[in-house]
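Novice: Predicted structure and sequence below. I'll ask about it afterward.
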Amino acid sequence: MSINWSAFFAVLVVAYLIPGPDLAVILRQATRTLRSGLLAAVGAQSGLCVHMLLAVVGLSAVLARHPDALITIRIIGGLYLVWLGASLAWKARNLMAAPRDEDESTRADTVRGAFMQGFLTNVTNPKAILFFASVLPQFISPEASIAGQTLLLGAIDVVFGFLPWTVVIVLGDRLGRRMSSLRFQAWRDRATGTALAGVGCTVLATTR
């Protein structure tokens, strides 16, 4: 099995350096608590595992070759990002209108929701499907098991992702500790919500 590892890791670095919904969700959760940021990252990488398994059984390639199916996924992903962004913006508005500290039950809900936000944001991202269907096959050798190589490269992608996410989580946690006021929380949710809704609208507007 001959794989150009240097080129593969270069592609991974570029892919994770490009800001996207995953980064926005993980950073926001990390500014709340370190644990929330970690769970959001685990959720995002769990979503990536779903894409990896789809690629192993060949479904990613099928979806990429059938525009109608991919359009449906893009619409679902775009609508989810718009909904999530609007929810965060509305939460920021309510936070400033009736400011109060988070109680234990609210904080617990935040921790539980962190994983699902990370997971759903990633699993509805059509770019992940295209990565496994068109980019990853460029590093696969036809002389060895296609499924085995896909699983190996996909697993490396999942594990590698925790490196940049660790940096994002640590920076987010420090930022959240230094700026824990309600005004910062409202600004954070408003900014994140606007960014996610913007990405969602862009996805919907460019879906053909």
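Specialist: Structure's in. What do you need?

Novice: From now on I want contacts and neighbour counts done on CA atoms only, so please keep to that.
Specialist: Will do.

Novice: What is the neighbour count of residue 207?
Specialist: 15 (other Cα atoms under 10 Å).

Novice: same deal with residue 48?
Specialist: 24.

Novice: thought it was touching residue 122?
Specialist: Yes: assessed by Cα atoms under 8 Å, residue 48 is found in contact with residue 122 at 6.6 Å.

Novice: Mutual contacts of these two, please.
Specialist: Residues touching both residue 48 and residue 122 by Cα atoms under 8 Å, 6 or more residues apart in numbering: residue 128.

Novice: residues contacting residue 52?
Specialist: 132, 150, 151, 154, 155.

Novice: which pair in those spans the largest distance?
Specialist: 132 and 155 (11.6 Å; Cα to Cα).

Novice: Report the contact partners of the residue lying closest to residue 55 once chain neighbours are set aside.
Specialist: Spatial nearest neighbour of residue 55, excluding adjacent residues (Cα to Cα, 6 or more residues apart in numbering): residue 132 at 6.1 Å. Neighbouring residues of residue 132 by Cα under 8 Å, 6+ apart: 51, 52, 55, 60, 61, 154.

Novice: same question, residue 177
Specialist: residue 31.

Novice: Relative to residue 15, how far out is it?
Specialist: Applying Cα to Cα, to the nearest Å, the value for residue 177 to residue 15 is 29 Å.

Novice: can you check residue 200 too?
Specialist: 19 Å.

Novice: Name the residue in the two with the higher neighbour count.
Specialist: Neighbour count, other Cα under 10 Å: between residue 200 and residue 15, residue 200 has more, with 24 against 13.

Novice: What strand or helix carries that one?
Specialist: In this structure, residue 200 sits in helix 182-205 according to DSSP states H and E.

Novice: Likewise for residue 155?
Specialist: Applying DSSP H and E, one finds residue 155 within helix 146-178.

Novice: what distance separates that helix from the centre of its chain?
Specialist: Chain-centre distance of helix 146-178: 10 Å, with Cα atoms, centre = their mean, to the nearest Å.

Novice: average pLDDT across that helix?
Specialist: When pLDDT is averaged along helix 146-178, the result is 92.

Novice: got the buried residues for it?
Specialist: The neighbour-count check on helix 146-178 (16 or more other Cα atoms under 10 Å) flags 146, 149-151, 153-155, 157-158, 160-162, 165-166, 168-170, 172-173, 175-176 as buried.

Novice: mind listing the helices for the chain?
Specialist: Taking DSSP state H, the helices of the chain run over residues 5-17, 21-32, 34-56, 59-65, 67-97, 104-123, 126-130, 146-178, 182-205.

Novice: got a list of what the most centrally placed residue in the chain touches?
Specialist: In the chain, the residue lying closest to the centroid (Cα atoms, centre = their mean) is residue 22, at 2.5 Å. Residues near residue 22 by Cα under 8 Å, 6+ apart: 41, 44, 118, 121, 122.
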